[in-house]
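Visitor: fold the following and give me the result.
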Amino acid sequence: MRIHFISIGGSVMHQLAIALKRKGYRVSGSDDEIFEPAVTNLRNESILPEKIGWFPENITLNIDGIILGMHAKEDNPELAKARELGLKIYSFPEYIFHESLHKKRIAIGGSHGKTTTTAMVMHVLNYAGSDFDYLVGARLDGFEQSVKITDAPVIVCEADEYPASAVERRPKFHFLFPHIAVLTGIAWDHINVFPTFGFYLEQFVVFINKIEKNGVLIYNETDTVLTKVVKDNLRTDIRYVPYGLPQHTVENGITNVIIGKEKASLAVFGNHNLLNLHAAYGVCKELKIEDTLFAKAITSFTGASKRLELIAQKNDCNIYRDFAHAPSKVRASIDAVKEQFPDRKLVAILELHTFSSLNVSFMSEYKGAMDKADEAIVFYSNHALELKRMEPLNPESVKKGFEKENLVVLHERKELEEQLKKKDCTSTNFLFMSSGNYDGMNILDTLDIEP
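Guide: Below you'll find the predicted structure:
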């Protein structure tokens, strides 16, 4: 098989390219920009493009398939040549389905918790010595790659609802046709992709209808919106397995959970992670993993990168880095840290970085999201607004949307650094939430704490 990647440098695209090369396929690719770690990863596999740019002359009839990344535009010259030659063109999720036609497919979707739930399933299966392929959107301990494609009988996929490619605007999770499906919850975000809540809900209805006949849907029954979607769209040819918070206790900052008749002490915490764990347990049960084995395995799960990741600690001060940016995720992360350490002050620092979060019309969705933080800072950079070609954001509009007393709103990195340097770390936790990098700020240097 010869496969060519248009936009090979993407964070997940280059991982798939490496996986297929290791499977024995002939892999080539192109891109107009490639950054680390993709450059080094591709070079180590001898599939880094010799030149940066698009070269339609490299698109020939002996290519078996083109995989098109999100970064590639519809007028891409290589894409035009592939269409002219009548080559088979796949979006990323379409190709994953193509490679997993004869596998048991597990798709873990939902507005939040997808990555962690997928990671938990992978961790348990790996602990159990199971043979499986996977697709996950974060770096995980114990896994060299974020994509693995072999001849394994099972594939575990993080299944998101955002467009499959620049030319295939349907959501990624519509292409996976799972035998075991998970929905962790529904919370509207990304208004540039889903302009109305109703349109967003429709994507989950379609996902439910894509589950293979005789399959199973494992869903979070504590989410009232999701539960209504499920009950309004019941199918008679699949099974439904609802889940909620498992029985648990928190003692001295450690969460203990009951799995069947087994007790497990966790390295992660928070109600959202307990829900993720219960979803992962449901998947593993479908795969015939025994309760005792699941309980033993989950104790060593330390979380996915940037998902309530403990990046440093000093005496009675913890520094957490989290990917949260949507309102529901911000609320869940803040609640988790505060509930785990009720006697410590919580300083929460949220960066508005996505299109939705920087949109003044979306700001009211954040109402109450930071209420449980003792001190709250919202930061956004004017540079991010310029790159997204968005209108300037008035700090007063941010304060009005969050409705958080004493909320500090900053849009200069220097101001943020000065604010943080004044903070007393005694009996205090810091929670940094962003899909960006605070305009290049070094968090630990600013707080003067060693990793």
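
Visitor: and the helices in the stretch 301-450 of the chain?
Guide: Under the criterion DSSP state H, counting those that start in this stretch, the stretch 301-450 of the chain contains helices at 327-340, 382-387, 395-402, 413-421, 443-447.

Visitor: tell me which of those sits nearest to Glu45.
Guide: Closest approach to Glu45 among the helices of the stretch 301-450 of the chain is made by helix 382-387 (30.7 Å; C-beta to C-beta). Placement of C-beta: from N, CA and C, glycine included.

Visitor: quick one: average pLDDT of that closest one?
Guide: With pLDDT averaged residue by residue, helix 382-387 scores 82.

Visitor: now for it, which elements pack on it?
Guide: Using 3 or more C-beta pairs under 8 Å, 6 or more residues apart in numbering; DSSP states H and E as the contact definition, helix 382-387 packs against no other helix or strand.

Visitor: returning to that earlier point: let me have the helices of the stretch 301-450 of the chain in a markdown table, extended by mean neighbour count and distance to His102.
Guide: Below are these laid out as a markdown table (neighbours: other C-beta atoms under 10 Å; distance: least, C-beta to C-beta, whole Å):
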| stretch | mean neighbour count | distance to His102 |
| --- | --- | --- |
| helix 327-340 | 22 | 35 |
| helix 382-387 | 13 | 43 |
| helix 395-402 | 17 | 49 |
| helix 413-421 | 15 | 51 |
| helix 443-447 | 16 | 45 |
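
Visitor: quick one, which of those helices is nearest to Arg26?
Guide: Closest to Arg26 of the helices of the stretch 301-450 of the chain is helix 382-387 (C-beta to C-beta; 36.4 Å).

Visitor: dump the closest one to CSV, keeping only the CA atoms.
Guide: C-alpha atoms of helix 382-387 as CSV (Å, rounded to 0.1, in the frame of the first residue of the first chain):
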residue,chain,number,x,y,z
ASN,A,382,-4.4,40.7,22.0
HIS,A,383,-2.1,38.7,19.7
ALA,A,384,-4.5,35.7,19.7
LEU,A,385,-7.3,38.0,18.7
GLU,A,386,-5.3,39.4,15.9
LEU,A,387,-4.3,35.9,14.6
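
Visitor: centre of the chain to that helix, how far?
Guide: Mean-position distance between helix 382-387 and its chain equals 23 Å (C-alpha atoms, centre = their mean, to the nearest Å).

Visitor: any idea how far Phe97 is from Tyr90?
Guide: 9 Å (C-beta to C-beta, to the nearest Å).

Visitor: so Gly53 touches Gly29, yeah?
Guide: No. With contact defined as C-beta atoms under 8 Å, Gly53 does not count as touching Gly29 (11.9 Å).

Visitor: which of these two has more neighbours?
Guide: Legend: neighbour count by other C-beta atoms under 10 Å for Gly53 and Gly29, higher for Gly29 (24 against 11).

Visitor: what's the closest non-adjacent residue to the more buried one?
Guide: Using C-beta to C-beta, 6 or more residues apart in numbering and skipping residues adjacent in sequence, the residue nearest Gly29 is Ile8, 2.8 Å away.

Visitor: also Ile180?
Guide: Nearest to Ile180 is Ile106, by C-beta to C-beta, 6+ apart, at 4.5 Å.

Visitor: model confidence for the residue most central in space within the chain, exactly?
Guide: Among the residues of the chain, the one closest to the centroid is Thr115, at 4.5 Å (C-alpha atoms, centre = their mean). Reading off the confidence values, Thr115 has pLDDT 92.
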